[in-house]
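In: Okay, structure incoming, though there's no sequence with it:
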């Protein structure tokens, strides 16, 4: 939960290497966050999770 806005989010530790219009850095050195809203933006989440896994070096099918 974001301290200031009280909104739920997903954080990506190596987010500085990720590009997406809805990712927010807010002065963090490495992490970017993606705020969750209703309805859940599943297409955006899917893209970001795949990008994060690729950055982590995961072997994807």
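Out: Looks like it arrived, so ask away. Just so it is clear, the model here is predicted, and its values are computed rather than measured.

In: Only C-alpha atoms from now on, for both contacts and neighbour counts.
Out: Noted.

In: Show which residues not belonging to stretch 30-48 make contact with it.
Out: Stretch 30-48 is contacted from outside by 7-16, 20, 22-26, using C-alpha atoms under 8 Å, 6 or more residues apart in numbering.

In: Need the buried ones from the residues you listed selected in ChimeraX.
Out: Remark: buried members of the contacts of stretch 30-48, expressed as a ChimeraX selection using 16 or more other C-alpha atoms under 10 Å:
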select :10,12,13,15,23,24,25
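
In: which non-adjacent residue is nearest residue 25?
Out: Spatial nearest neighbour of residue 25, excluding adjacent residues (C-alpha to C-alpha, 6 or more residues apart in numbering): residue 32 at 4.4 Å.

In: Who is the one you found paired with across the strands?
Out: residue 12 (DSSP bridges).

In: and it, what pLDDT?
Out: As predicted, residue 32 sits at a pLDDT of 95.

In: This structure: helices as residue ranges?
Out: 42-55 (DSSP state H).

In: Could you list the low-pLDDT ranges of it?
Out: 60-61 (pLDDT under 70).

In: before we move on, back to that, residue 57 versus the residue nearest to residue 25, what's the distance?
Out: From residue 32 across to residue 57, the span is 18 Å (C-alpha to C-alpha, to the nearest Å).

In: Please apply the same query to residue 17.
Out: Relative to residue 57, and taking C-alpha to C-alpha, residue 17 is found at 13 Å.

In: The two: which has the busier surroundings?
Out: Neighbour count, other C-alpha atoms under 10 Å: between residue 17 and residue 57, residue 17 has more, with 13 against 9.

In: Could I get the contacting residues of that one?
Out: Residue 17 neighbours (C-alpha under 8 Å, 6+ apart): none.

In: Please shift the residue numbers so they start at 196 in all later answers.
Out: Noted, 196 is the first residue going forward, which turns the last one into residue 212.

In: gap between it and residue 224?
Out: Applying C-alpha to C-alpha, the value for residue 212 to residue 224 is 11 Å.
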